[in-house]
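Asker: Starting from these lines, generate the structure:
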Amino acid sequence: MTMLQDFSIQSLQTDGDVIAGLNGQVVLAVNVASKCGLTPHYTGLQKLYAELGEQGFIVVGFPCNQFGAQEPGTPDEIADFCETNYSVTFPITEKIEVNGDNKHAIYAWLQDAFPGDIEWNFEKFLINRDGEVIKRYPPQTTPDDAVLLQDISEAL
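Answerer: Numbers count the residues shown, from 1 in each chain. Presented below is the predicted three-dimensional model:
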């Protein structure tokens with residue numbers, strides 16, 4: 001059975017692999033974009049990460065430009081946007097595709113667990129401490145959504 005730890009993806013903020021440090025953590029994987037109506041989700045995602053990080057929770061943002069070309073920036077521009085506008089400290093990966101023939105292997109795995117194309121920016125997947133995908137949330141699900149918070153709490 002494939003687990004999150006079986007993958008590798010480069011960080012925008014460092015030279016390292018984002019996945020390598022996630023063993024034993026509860027992970028919220030989110031495809032993100034800087035120029036989307038849902039971009040303010042960054043505020044809530046950062047808040048979740050800040051409040052729950054010490055309990056073993058982490059948010060990972062996966063920039064994607066497949067929806068309305070809303071993530072056109074270079075890696076440096078994306079990292080700077082996230083830090084400057086939303087004080088993001090959780091890991092942001094290299095820009096990837098989440099649908100189609102060139103989708104990243106992580107997103108192929110996420111969609112194997114919960115089938116269907118990614119609908120839009122800020123779709124979310126919850127991954128338990130064992131590296132298994134346990135829930136999928138539509139893009140409109142805000143980081144302070146009661147169901148999402150309950151699911152994270154149970155996973156922790």
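Asker: residue ranges of the helices in this protein, please?
Answerer: 41-52, 75-86, 105-113, 146-155 (DSSP state H).
Asker: As a markdown table, those with distance to residue 135 would be great.
Answerer: All C-beta atoms are positioned from the backbone trio N, CA, C, and that covers glycine. Compiled in a markdown table, the helices of the chain are given as follows (distance: least, CB to CB, whole Å):
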| stretch | distance to residue 135 |
| --- | --- |
| helix 41-52 | 15 |
| helix 75-86 | 24 |
| helix 105-113 | 9 |
| helix 146-155 | 5 |
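Asker: Now do the contacts for residue 41.
Answerer: The contact partners of residue 41, by CB atoms under 8 Å, 6 or more residues apart in numbering, come to 30, 32, 122, 142-143.
Asker: Most widely separated two among those residues?
Answerer: Greatest spacing in those, by CB to CB: 32 and 142 (14.0 Å).
Asker: Between those two, point out the one with more neighbours.
Answerer: A direct count of neighbours by other CB atoms under 10 Å for residue 32 and residue 142 places residue 32 higher, at 27 against 18.
Asker: residues touching the more buried one, list them.
Answerer: By CB under 8 Å, 6+ apart, the neighbours of residue 32 are 39, 41-42, 61-64, 71, 82, 92, 121-122.
Asker: Contacts for stretch 91-111, please.
Answerer: Here stretch 91-111 makes contact (CB under 8 Å, 6+ apart) with 2, 4, 7, 9-13, 18-19, 29, 31-32, 58-66, 71, 75, 78-79, 82, 117-118, 123, 125, 133, 136.
Asker: Check the residues you listed for burial and list the buried ones.
Answerer: Buried members of those, counted by 16 or more other CB atoms under 10 Å: 4, 7, 9, 11-13, 18-19, 29, 31-32, 58-66, 71, 75, 78-79, 82, 118, 123, 125, 133, 136.
Asker: before we move on, the earlier item: can you list the helices of the chain in a markdown table and add mean pLDDT?
Answerer: Putting the helices of the chain into a markdown table (pLDDT from 0 to 100) gives the following:
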| stretch | mean pLDDT |
| --- | --- |
| helix 41-52 | 97 |
| helix 75-86 | 95 |
| helix 105-113 | 97 |
| helix 146-155 | 98 |
